[in-house]
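Asks: Pasted the sequence and its predicted model underneath.
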Amino acid sequence: AWGKRMERFITGQVDFACEIKLDGLAVSLIYERGQLVRAATRGDGTVGEDITHNVLTIKSIPHQLQNAPPLLEVRGEVFMPVSAFTRLNEQQAQAGERLFANPRNAAAGSIRQKDSRITAGRELAFFAYQLGQVNDGPSFEKHHQTLGYLRELGLPVNPENRVLPSLEAVHGYCQQWQEKRHS
């Protein structure tokens, strides 16, 4: 139904940017002159929590970007891969500690630790998916162009993103991932 409604507004070939929604914690990374200077959660939508000290322990997040604009805000998701979640809960059980209910809660709790050494041991990962504020940098008309730019800067972007030519192809993509969603 949505596709039919959009046909009233869009003429010609329409491409669909598809990406997997990961269940983690939304974060904003601020780079000044290419250097990571701040990381925050979304918080209440207006004021977030400063999590810079813990984000610096996530191996997939670069501390320095080459060829970045003077100010660059990158939005993305901190998450815990299923394999890391399984290992963490095994360690928790062996130590007689409380188990985490799911990878999302484990990631959110890990990124909010007061001791960044705990966060560093939790095997968190990150995928960038959006630009926020950009000063003197490029702008893009299409989402997949933004993802390409983030990748060029050296930021991790989900490799399963696809640009597809039809709603039927989008449906197939969704069906494929519905079958694999728990892995």
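Replies: That came through, no problem.
Asks: Report the central residue of this structure.
Replies: By Cα atoms, centre = their mean, the chain has its centre lying nearest to residue 77, at 2.7 Å.
Asks: What are the phi and psi values at the closest residue to that residue other than its chain neighbours?
Replies: Excluding the flanking residues, the one nearest residue 77 by Cβ to Cβ, 6 or more residues apart in numbering is residue 24, at 4.3 Å. No exception for glycine: its C-beta is placed from N, CA and C like everyone else's. When quoted as degrees, to the nearest 10, the phi and psi of residue 24 stand at phi -140, psi -140.
Asks: how near is residue 24 to residue 102?
Replies: When distance is defined by Cβ to Cβ, to the nearest Å, residue 24 is 11 Å away from residue 102.
Asks: Tell me which of the two has more neighbours.
Replies: Comparing residue 24 with residue 102 by other Cβ atoms under 10 Å, the one with more neighbours is residue 24, at 22 against 13.
Asks: Please verify my assumption that the more buried one contacts residue 82.
Replies: No - using Cβ atoms under 8 Å, residue 24 is not in contact with residue 82; the gap is 11.8 Å.
Asks: and for these two, which residues touch both?
Replies: Residues touching both residue 24 and residue 82 by Cβ atoms under 8 Å, 6 or more residues apart in numbering: residue 103.
Asks: hang on, the residue nearest to the centre of the chain in a strand?
Replies: Yes - note on residue 77: a strand contains this position according to DSSP: H, G, I helix; E, B strand; the rest coil.
Asks: can you give me the helices for this structure?
Replies: 2-7, 52-55, 82-94, 103-111, 116-120, 143-152, 167-180 (DSSP state H).
Asks: what helices or strands is the shortest one leaning on?
Replies: It refers to helix 52-55. strand 35-41, helix 103-111, helix 116-120 (3 or more Cβ pairs under 8 Å, 6 or more residues apart in numbering; DSSP states H and E).
Asks: Quick check, residue 32 in contact with residue 71.
Replies: Yes - with contact defined as Cβ under 8 Å, residue 32 reaches residue 71; the gap is 5.9 Å.
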